[in-house]
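> quick one, what's the 3D model for this:
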Amino acid sequence: MAVDLSPLPKTTESQVDFGAELSGLNIEDLSDSDFIILRKCLYENQVVVIKDQKNLTPRAQYELTRRFDPSAGLYSHGKSIDKRSVLHADLTTIPNQPQVQVIGSGQVAEYEGLSNLNLKHPHHKAFHKKPIPPAEDADFTHFYRWHIDSAMYNLDPPLVTSLLAVQVPSDRRQTLRYDDETDTTLDVPLGTTAFFSGYRLYELLTEEEKHFVRTSKVEYAPHPYIWMSKAKSRSNGLGIISEGLELSENELPPFEESKIKTYPMAWKNPITNKLAMMVYPTCVRKIHLENGDVLDDLAEIRERLYGLQRRAIEPQLVYAHDWKEGDLVLFNNHGLMHSIVGSFKEDEVRLFRQCNMAASRPPLGPGDNLPEAE
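Numbering: from 1, shown residues only. Sure, this is the predicted structure:
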């Protein structure tokens, strides 16, 4: 069977310039030559959808995901997640494949060695300053949190994340409200995963903004998901509202200065060499400028980043995947940002598997070259 590549379905209003559906590959037994095709497709399209993979085993999903970074192997957030972390309730590890997590919503009696699962889809009411009123929750929703899959402390962001839809609720749609300084809305499938392109964002910047992004670096907070655990997000999921609720350093678990992550604002695609603005706004603590100055006023930093990134989440630039059972989605975690979306009713069961591993290298900056091994 020949390998076939086609664009993802989009609305007539969409200006999304990434994403492809790939068929003709045997994912369970992928040859080296076919993997070369898949890798090139991923880095040129950023999101790759492979249909009808419901029977893919956790082991095969892990092996496929790791193939993009053979030196990786540890789950992206490490061996355990502190109970104070905002991520603690969202993830359940598959016992015999700890790099693969079960995520979703609802009651599942048994799955892959796990029993009596009570899956909890992250709901924006736990994280947003102004959530949708409960009476409107079935029909309306928010982007939960625009993010990069990463611990952002000690471990580097995974190169690639894979998501497999095992069970998807019956078709239902919601209206996503931005509830920011605009009246913007977006019609989305229930429980969609939304993406925007860091490459498109970089292209939308002015020349002055591009210079700032190319030459500046972002320092992330130690144990950022604990640090932010009391803070609240903007209604469009793009960063935190500054209210002084972040934990002080002496309230955090012990940390090492050498494990605090500082990354370029612009990350380079290893195949196309295009630059993406990739900044995880909820975890940011400082900005290091080209001249050596360090910006450390958190409120000012957040406003500056918001002014740069907000343009990327306009509805016509967001790809909201309409999940079907068996969809395997691979995405470039060094070039796209994504968000969980949606609120489920008690009888709506959503069962997904997620796999990503802390990278064997940090993101490529504008002046970096790809390691020969890759």
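
> tell me what the one helix or strand residue 39 maps to is packed against?
Element membership for residue 39, per DSSP states H and E: helix 32-45. Contact partners of helix 32-45 among helices and strands, from 3 or more C-beta pairs under 8 Å, 6 or more residues apart in numbering; DSSP states H and E: strand 20-23, strand 47-50, strand 328-332. In this view, the C-beta of every residue, glycine as well, is placed from N, C-alpha and C.

> got a markdown table for those, with distance to residue 361 and mean pLDDT too?
Compiled in a markdown table, the helices and strands packed on helix 32-45 are given as follows (distance: least, C-beta to C-beta, whole Å; pLDDT from 0 to 100):
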| stretch | distance to residue 361 | mean pLDDT |
| --- | --- | --- |
| strand 20-23 | 25 | 96 |
| strand 47-50 | 21 | 98 |
| strand 328-332 | 15 | 98 |
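
> residue contacts, residue 334?
Counting by C-beta atoms under 8 Å, 6 or more residues apart in numbering, residue 334 touches 148, 157, 159, 267, 269, 276, 278, 363, 364.

> from residue 158, how far off is the first one?
With distances taken as C-beta to C-beta, to the nearest Å, residue 148 is found 9 Å from residue 158.

> over to the fourth one?
Between residue 267 and residue 158 the distance, using C-beta to C-beta, works out to 13 Å.

> what about the closest residue to residue 170 other than its chain neighbours, distance to residue 276?
Spatial nearest neighbour of residue 170, chain neighbours left out: residue 348 (7.8 Å); criterion: C-beta to C-beta, 6 or more residues apart in numbering. Noted for residue 348: a distance of 34 Å to residue 276, by C-beta to C-beta.

> who's more crowded, the two?
Per other C-beta atoms under 10 Å, whichever of residue 348 and residue 276 has more neighbours is residue 276, with 25 against 18.

> bridging residues for that one?
Per DSSP bridges, the residues bridged to residue 276 are residue 267.

> hang on, it packs against residue 265?
No - Residue 276 lies out of contact with residue 265 (C-beta atoms under 8 Å); the separation is 9.6 Å.

> okay, now the residue lying closest to residue 288 once chain neighbours are set aside: neighbour count?
Excluding its sequence neighbours, the residue lying closest to residue 288 (C-beta to C-beta, 6+ apart) is residue 217, at 4.3 Å. By other C-beta under 10 Å, the residues close to residue 217 number 17.

> which strand residues bridge residue 217?
Per DSSP bridges, the residues bridged to residue 217 are residue 264, residue 288.

> cool, residue 115 as well?
On the basis of DSSP bridges, residue 115 is bridged to residue 110.

> name the nearest residue to residue 309, ignoring sequence neighbours.
Spatially, and ignoring its direct neighbours in sequence, residue 309 is nearest to residue 238 (5.9 Å; C-beta to C-beta, 6+ apart).

> hmm, I was thinking of residue 363
Once flanking residues are discounted, residue 363 sits nearest to residue 267: 4.2 Å by C-beta to C-beta, 6+ apart.

> test my guess that the one you found contacts residue 275.
Yes - with contact defined as C-beta under 8 Å, residue 267 reaches residue 275; the gap is 7.1 Å.

> those two: which is more packed in?
Between residue 267 and residue 275, counted using other C-beta under 10 Å, the more crowded position is residue 267 (28 against 25).

> before we move on, the earlier item: now distance to residue 175 too, for the helices and strands packed on helix 32-45, in a markdown table please.
Formatted as a markdown table, the helices and strands packed on helix 32-45 follow (distance: least, C-beta to C-beta, whole Å):
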| stretch | distance to residue 175 |
| --- | --- |
| strand 20-23 | 26 |
| strand 47-50 | 23 |
| strand 328-332 | 23 |
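
> what residue ranges in the chain score low on pLDDT?
Within the chain, the stretches with pLDDT under 70 are 1, 79-90, 372-374.

> helices of that one, residue ranges please.
32-45, 58-67, 198-204, 207-215, 224-227, 298-309 (DSSP state H).

> of all those, which one is nearest residue 136?
helix 298-309 (25.3 Å; C-beta to C-beta).

> what is residue 319 paired to in the beta sheet?
Beta-bridge pairing for residue 319 (DSSP bridges): residue 195.

> tell me which of the helices of the chain sits most buried.
Stretch with highest mean neighbour count among the helices of the chain: helix 224-227 (a mean of 24; mean count of other C-beta atoms under 10 Å).

> contacts only, for residue 57.
Listed by C-beta under 8 Å, 6+ apart, the contact set of residue 57 reads residue 28.

> mind redoing it with 10 Å?
By C-beta atoms under 10 Å, 6 or more residues apart in numbering, the residues touching residue 57 are 28, 63, 97, 100, 112, 353.

> burial count for the residue lying closest to residue 106 once chain neighbours are set aside?
Once flanking residues are discounted, residue 106 sits nearest to residue 349: 3.6 Å by C-beta to C-beta, 6+ apart. If you count neighbours by other C-beta under 10 Å, residue 349 ends up with 17.

> pretty sure residue 349 contacts residue 119?
Yes - using C-beta atoms under 10 Å, residue 349 makes contact with residue 119 at a distance of 7.9 Å.

> what touches both of the two?
104, 105, 106, 107, 108.

> now list the buried members of those residues.
The neighbour-count criterion (16 or more other C-beta atoms under 10 Å) marks 104, 105, 106, 108 among those as buried.

> follow-up on the earlier one: test my guess that the residue nearest to residue 170 contacts residue 171.
No - using C-beta under 10 Å, residue 348 is not in contact with residue 171; the gap is 11.1 Å.
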